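Asker: Return a 3D structure for these sequence lines:
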Amino acid sequence: MNYFKRLKDLREDKDLTQSDIADILGTTRQQIGKWENGVQMMGVDKYIKLAEYYNVSVDYILGLTDIPRKLR
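Answerer: Below you'll find the predicted structure:
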């Protein structure tokens with residue numbers, strides 16, 4: 001799975017909008033769209049913040065594993 005597809009899937013699984021995630025990450029809805037479409041990559045700090053928010057590993061977000069491995 002492409003990392004950008006996983007970003008969108010995680011967001012949609014929580015019934016969140018791109019604007020909701022933009023607020024959480026301190027960015028714009030347009031930027032979220034670029035990340036979810038694979039046009040640009042996020043910085044490491046954003047991946048960490050999303051992993052904490054969704055309670056999954058960064059490896060899961062990046063598509064390196066299909067096991068969410070919830071954070072403790």
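
Asker: Remind me which helix or strand the residue nearest to residue 24 when sequence neighbours are not counted belongs to.
Answerer: Nearest-residue entry for residue 24: residue 53, 6.0 Å, with adjacent residues in sequence omitted and distances by CB to CB, 6 or more residues apart in numbering. (Glycine included, C-beta is placed from N, CA and C.) Following DSSP states H and E, one finds residue 53 within helix 44-54.

Asker: ok, now which ones touch residue 69?
Answerer: 56-57, 59-60 (CB atoms under 8 Å, 6 or more residues apart in numbering).

Asker: From the contact counts, what lies against whatever helix or strand comes next after the helix holding residue 53?
Answerer: Going down the chain from helix 44-54, the next helix or strand is helix 58-61, by DSSP H and E. Applying 3 or more CB pairs under 8 Å, 6 or more residues apart in numbering; DSSP states H and E, one finds that helix 58-61 contacts helix 3-13, helix 44-54.

Asker: what stretches of this structure score poorly on pLDDT?
Answerer: Residue ranges of the chain with pLDDT under 70: 1, 70-72.

Asker: okay, the helices and strands packed on helix 58-61 in TSV with distance to residue 68 and mean neighbour count next?
Answerer: Supplementary listing: the helices and strands packed on helix 58-61 in TSV, determined by distance: least, CB to CB, whole Å; neighbours: other CB atoms under 10 Å:
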stretch	distance to residue 68	mean neighbour count
helix 3-13	9	16
helix 44-54	8	16
